[in-house]
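Colleague: Please work out how this folds:
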Amino acid sequence: MSKIIGKDLPNIPWQDKEAGYRMPIWRYKENPIIGRDAISRSNSVFNSAVVPFGDGFAGVFRCDSRSVSMDIFAGFSKDGIHWEINDEPISFEGDPEVTTREYRYDPRVCFIEDRYYITWCNGYHGPTIGIAYTFDFQKFYQIENAFLPYNRNGVLFPRKIGGRYMMLSRPSDTGHTPFGDIFCSQSPDLEFWGHHRHVMSTVKGDESAWQSTKIGPGPVPIETDEGWLLIYHGVITTCNGFVYRMGVALLDIDEPWKVLCRSKDYVMAPYEYYECVGDVPNVVFPCATLTDAATGRITIYYGCADTVTGMAFTTVDELLKYMKENPLTEQ
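Modeller: Numbers count the residues shown, from 1 in each chain. As a prediction, the model looks like this:
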């Protein structure tokens, strides 16, 4: 059996897999857990990130308004399922050059050492990766943007590797990017980023067409005794537009730009009504996981059709077994 390297989380939200269900990830039966009108002016609440906090959970949520502006909001939960989200967006302290808001969306939250870091797609003359930190989800301190525009899907690793912070991202363009590979960047201080390394590309041909248009990192990578477990999204362009599915890859523990294994088949796709019908149809977009080292359980939070938030479940063994039984030969 594979092991998650990390802390036990006995209060992880969980439902057992139904007998006979064949996919490695299964949905919470009461999905969606957060509706589109969770706060007073929201048009949609999706692509959000949560972490254990105190004796419950905290998170940063993408809430698009009814004017359809994009911003991020703090929220809290006792059980990880029922959430209270602040009505006002996060106000960041820091240099006005970087805190001035154009737009903010698709956050991730990562605990490193003594604080919670938030990364998101930040508008600064085009999309780039914003970084901030908090100790209590009350006050937030923004630091320098990580990269030049254009970039999306900035995802930190939960600890230093070789003495450096590491971040996955997907360089992009100004629009609804019709391309994209995953890269890994390194920093000594979370301000100056370099040593950019290519991680993996889209897949051309029909071996794994569901990830042929673009790919991007999802939740914070999960450390296991076999390597870094990465859940990511893959996109195909169909006659009806983009379709977003989830995949899984295993990265080298010391050199995480090196892919040890990658799934040929997707692990989750938009099947349910709330994943197929919404502001952007046919999207499952993972942004966060909770993990319990004692049991190997993994709870996934994901955006559904760019409208509502869903929750799903798996285990480290389920994902690794599925990936190794259906490996991608083209990296």
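
Colleague: Identify the residues contacting stretch 100-107?
Modeller: 47-49, 60-62, 64, 69-72, 89, 118-124, 130, 152-153, 285, 287 (Cβ atoms under 8 Å, 6 or more residues apart in numbering). Every C-beta, even on glycine, is put in place using the N, C-alpha and C of the backbone.

Colleague: Buried among those residues? Make that a ChimeraX selection.
Modeller: Applying 16 or more other Cβ atoms under 10 Å to the contacts of stretch 100-107 leaves a buried subset, and the ChimeraX line that selects it is:
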select :47,48,49,60,61,62,64,69,70,71,72,89,118,119,120,121,122,123,124,130,152,153,285,287
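
Colleague: Distance of the residue nearest in space to the middle of the chain relative to residue 253?
Modeller: Geometric centre of the chain, nearest residue: residue 287, 2.3 Å, by Cα atoms, centre = their mean. Per Cβ to Cβ, to the nearest Å, residue 287 is found 23 Å from residue 253.

Colleague: for residue 191, same thing?
Modeller: 25 Å.

Colleague: These two - which one has more neighbours?
Modeller: It is residue 253, of residue 191 and residue 253, that has more neighbours when counted by other Cβ atoms under 10 Å, with 16 against 12.

Colleague: hang on, isn't the more buried one packed against residue 227?
Modeller: Yes - contact criterion Cβ atoms under 8 Å: residue 253 and residue 227 qualify, at 5.0 Å.

Colleague: ok, which stretches of the stretch 151-300 of the chain are helices?
Modeller: Applying DSSP state H, counting those that start in this stretch to the stretch 151-300 of the chain gives helices spanning 273-276.

Colleague: For the spatially closest residue to residue 211 that is not a sequence neighbour, the count of nearby residues, please.
Modeller: Leaving out its chain neighbours, the residue that sits closest to residue 211 by Cβ to Cβ, 6 or more residues apart in numbering is residue 234, at 2.9 Å. The tally of other residues near residue 234 (other Cβ under 10 Å) stands at 23.

Colleague: contacting residues around residue 234?
Modeller: The contact partners of residue 234, by Cβ under 8 Å, 6+ apart, come to 202, 208, 210, 211, 212, 214, 215, 244, 245, 246, 247, 266.

Colleague: Just the pLDDT for the first one.
Modeller: Meaning residue 202. Looking at residue 202, its pLDDT is 98.

Colleague: Same question for the second one.
Modeller: Looking at residue 208, its pLDDT is 97.

Colleague: doesn't residue 329 make contact with it?
Modeller: No - assessed by Cβ under 8 Å, residue 208 is found out of contact with residue 329, at 9.2 Å.

Colleague: Could you check which of these two has the larger neighbour count?
Modeller: Comparing residue 208 with residue 329 by other Cβ under 10 Å, the one with more neighbours is residue 208, at 22 against 9.
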